[in-house]
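Colleague: Got a predicted structure here, sequence first:
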Amino acid sequence: MSLNIKEEVLHVESLVGENSAQTVLQTTLDLPASAPSIGRIVWIKPTVMISDTAAAADKVNLAGYIDLKMVYVAEDFDGGPPNYQSASYRQAITFSDYVEIIGAEEGMRAQAKAELIGLEWALKSDQRTVDVDVLVQFSARVKRQHRITAVTNASVKPPRKLAVEEGIFTIQPLLKTAVTALSVEWEFALDGDGQAKHVLDAQISPRIEAVVVEQSQINLSGNLDLHLVYLNEEGHVQAHAFTKAYPFNVSVPNDTGSTEIAAKPEVAADLRVDVNPSGTGFTMSGDLRFKLDLYEARQIRIVQSLAGSGGLVVESRTETVMLDHMVNEKSQQSTAQGVMELGGSYPPIREIVACEGKAVNVDYRVDDDKVFIEGAFSVEATYLAHTEEEYRSLYRVSFSNAVPFQQVIAIGGVQPGMVAELDIEVGQITLDLINRETIEADIAYRSNVKVIEPVQREIVVEAVEVPPLEEDPPTITYVFVRETDTLWKLSRQYHTSLEAILEANSWLRERDPARLLPGDKLCIPRKTLTA
């Protein structure tokens, strides 16, 4: 025998589908008995968390909760400094919902995320109860993970020849997901001699700056930006930004034992900021929660057909497989500009003290060597009103779909019909007042794009060199099974059929599935020929 065949067991993924669904979640907030009644609600800020995701028949089930924080002006306002109060509602809304994805099955890998599209509230006549409606969009993606046996190489010794058709693919199947947390207890001082009285809002933005994969562990390092809106000892609203205020490092075990993996990290902040007892600074406490997806990143060669010549007879068995071929990926920075107008229900602006933004309604189109992305940014601005009063009243206004953006990313090798996985990171947001009712926005953002090609191919899963048929073969041949033997290979080598081997070795049918083990002794009938 001169044919040399290499077979490998490959771990691959294939996209089943993705979809989105919107829903309205409702709750009622009641003030604690000791809290003063509500005169005016400044804002209600939601934070959504998905705690469980699982694929099921034609859908992805997900569950989680929404935290709400309310800041309001108390009803007992008497012309002095506004009496700002805050109330936090942990897991104010719990949800259990699903996103329909045709073809999804239990056990498949499901990914899900939740985006807050809008929030409305209504203060009841008792001034202590608030009805809240939250519009949420759930998005989910399902991938099938499976192992395939494939012929990845074939060669033959001359003078015989072998015609091989093969395909080269880049795969990135998920190996595992690692999670860890970092406990944070940090005190930091105010700049200058002032004192703080009460924190109204804390925008905490942790960012991972480096990922280092080592043989035994994976190290993550980054920093945390913090923007505070608080009251000073005189009751005035103040704001301060702490850039790269809290560097962090964390490690997770590398259970794969390989450095040739791709690591995709995520970090979320479950942190609280309070004024310290002396009022000269703040205390930040809680956890940074890390999620790290580890992917096998490798290029594979798969044989799609085999044919021998020069007296060489080769038979092969093929199967249809589906896999995601990773074509290319790229990150690109850009900026978007827009003008936003206050609605008539809001007072004019004196000073903007904080802002946040997120990408919404993002869509894409894949063309030859390009990906076209479009969407919009929604912006929320916290500001002090322009009035003649000594104490400026605090307001928060939302501008939905306020700043449209378009981006063209040149990515070699991509073509129409391929699928893009997008992640839009919002960076610095600069808001400038054109006048008291008009704001000019400049938003820096980064688009992270990975393009995959869903591939369906007939591939060779087994191949064997077939010797010439003997003129007068024996009626029965006994063989001891080797590690590389299969029923299909033995049937081709000895010019018989699978069914004939099973009939002559009925004990094989008791195995589920009927398979060979090294050392098995088989009786192979030689008179039943294949067609």
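Modeller: Cool, the structure landed.
Colleague: Quick check: which ranges of this protein have low pLDDT?
Modeller: 1, 77-79, 390, 527-531 (pLDDT under 70).
Colleague: hmm, 50 instead?
Modeller: 528-531 (pLDDT under 50).
Colleague: Locate the residue of it most remote from its centre within the secondary structure: which element?
Modeller: Most distant residue from the mean C-alpha position of the chain: Asp472, 63.5 Å away (C-alpha atoms, centre = their mean). Under DSSP states H and E, no helix or strand contains Asp472.
Colleague: What distance do you get for it to Arg526?
Modeller: Using C-beta to C-beta, to the nearest Å, Asp472 is found at 10 Å from Arg526. Bear in mind the C-beta positions are built from the backbone N, C-alpha and C, glycine included.
Colleague: try Glu165
Modeller: Between Glu165 and Arg526 the distance is 33 Å, computed by C-beta to C-beta.
Colleague: what's across from Val455 in the sheet?
Modeller: Leu323 (DSSP bridges).
Colleague: Now do the contacts for it.
Modeller: By C-beta atoms under 8 Å, 6 or more residues apart in numbering, the residues touching Val455 are 14, 169, 322-325.
Colleague: try 10 Å this time
Modeller: 12, 14, 167, 169, 171, 302, 321-325 (C-beta atoms under 10 Å, 6 or more residues apart in numbering).
Colleague: go on, Thr387?
Modeller: By C-beta under 10 Å, 6+ apart, the neighbours of Thr387 are 347-348, 350, 393.
Colleague: switch to 7 Å and redo it
Modeller: Contact analysis of Thr387 by C-beta atoms under 7 Å, 6 or more residues apart in numbering lists 347, 393.
Colleague: how about it, secondary structure?
Modeller: coil (DSSP: H, G, I helix; E, B strand; the rest coil).
Colleague: gap between the residue nearest in space to the middle of the chain and Ala140?
Modeller: Nearest to the mean C-alpha position of the chain, counting by C-alpha atoms, centre = their mean, stands Gln111 at 6.2 Å. The spacing between Gln111 and Ala140, counted by C-beta to C-beta, is 7 Å.
Colleague: what residues does stretch 239-254 touch?
Modeller: 178, 180, 182, 186, 188, 191, 213-229, 288, 290, 292, 353-354.
Colleague: if we go to 8 Å?
Modeller: 178-180, 182, 184, 186, 188, 190-191, 206, 213-230, 261, 284, 288, 290, 292, 294, 353-354.
Colleague: Need phi/psi at the residue farthest from the centre of the chain.
Modeller: Asp472 has phi and psi values of phi -130, psi 80 when expressed as degrees, to the nearest 10.
Colleague: The chain - how does it break down into domains?
Modeller: Domain ranges of the chain: 18-145, 328-466, 469-525, per automatic domain parsing.
Colleague: now the last one, how far from the centre of its chain.
Modeller: This means domain 469-525. The chain centre lies 47 Å from the centre of domain 469-525; the measure is C-alpha atoms, centre = their mean, to the nearest Å.
Colleague: end-to-end on that domain?
Modeller: One end of domain 469-525 sits 14 Å from the other (C-alpha to C-alpha, to the nearest Å).
Colleague: Please identify the buried residues of the host helix or strand of Lys450?
Modeller: Using DSSP H and E, Lys450 sits within strand 438-465. For strand 438-465, the neighbour count (16 or more other C-beta atoms under 10 Å) marks 439, 441, 443, 445, 447, 449-453, 455, 457, 459-465 as buried.
Colleague: Isn't Thr28 up against Arg128?
Modeller: No: counting by C-beta atoms under 8 Å, Thr28 sits too far from Arg128 to count as a contact (10.8 Å).
Colleague: out of those two, which sits in the busier spot?
Modeller: Arg128 (17 against 11; other C-beta atoms under 10 Å).
Colleague: Can you tell me how far the more buried one is from Ala35?
Modeller: Taken as C-beta to C-beta, the span from Arg128 to Ala35 is 8 Å.
Colleague: Val371 too?
Modeller: 50 Å.
Colleague: the more surrounded of these two?
Modeller: Val371 (23 against 14).
Colleague: ok, then the element right after the helix or strand containing the more buried one?
Modeller: Taking DSSP H and E as the definition, Val371 sits inside strand 370-385. Beyond strand 370-385 on the C-terminal side, the first helix or strand identified by DSSP H and E is strand 394-410.
Colleague: Quick check: neighbours of that next one in the sheet, parallel or antiparallel?
Modeller: Short version: by DSSP bridges, strand 394-410 pairs with strand 370-385 (antiparallel).
Colleague: Which parts of the stretch 251-400 of the chain are strands?
Modeller: All strands of the stretch 251-400 of the chain, identified by DSSP state E, counting those that start in this stretch, fall at 261-275, 281-296, 298-309, 314-341, 349-367, 370-385, 394-410.
Colleague: Tell me which of those lies nearest to Val99.
Modeller: Smallest distance to Val99 across the strands of the stretch 251-400 of the chain (C-beta to C-beta): 16.8 Å, for strand 349-367.
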